[in-house]
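# just the structure for this:
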Amino acid sequence: MTTYVFFDEALHILVNAFLISVALLITASGIGLAVIETIEKTSDRQISPRQFR
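The predicted model follows:
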């Protein structure tokens, strides 16, 4: 016995997966930006150009 997924159900699953992935990407980028901003605020010393040579 084979089970079939109807087109409407499959489309609903794909839309939900897409929306969840968008929400996760926005959340991850927000956390990443917050971490970068915190690192920039807490760095007191200036980087000398010699470190990049």
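# the residue most central in space within the chain: helix or strand, and which one exactly?
Here the mean C-alpha position of the chain is nearest to the C-alpha of Leu25 (CA atoms, centre = their mean), at a distance of 2.7 Å. Element membership for Leu25, per DSSP states H and E: helix 7-42.
# starting at the chain centroid, how far to that helix?
Offset of helix 7-42 from its chain centre (CA atoms, centre = their mean, to the nearest Å): 4 Å.
# same question for stretch 25-43.
Mean C-alpha position of stretch 25-43 versus that of the full chain (CA atoms, centre = their mean) differs by 12 Å.
# which outside residues touch it?
Under the contact criterion CB atoms under 8 Å, 6 or more residues apart in numbering, stretch 25-43 has no outside partners. Where you see a C-beta, it was placed from the backbone N, CA and C, and this is true even at glycine.
# begin at 45 from here
From this message on, residue numbering opens at 45, which makes the last subject stretch 69-87.
# show me which residues of that stretch are buried.
By neighbour count on 16 or more other CB atoms under 10 Å, the buried set for stretch 69-87 is empty.
# could I get the average pLDDT for that stretch?
Regarding stretch 69-87, the rounded mean pLDDT is 91.
# excluding chain neighbours, what is closest to Val49?
Ile57 (7.8 Å; CB to CB, 6 or more residues apart in numbering).
# how near is the one you found to Leu63?
11 Å (CB to CB, to the nearest Å).
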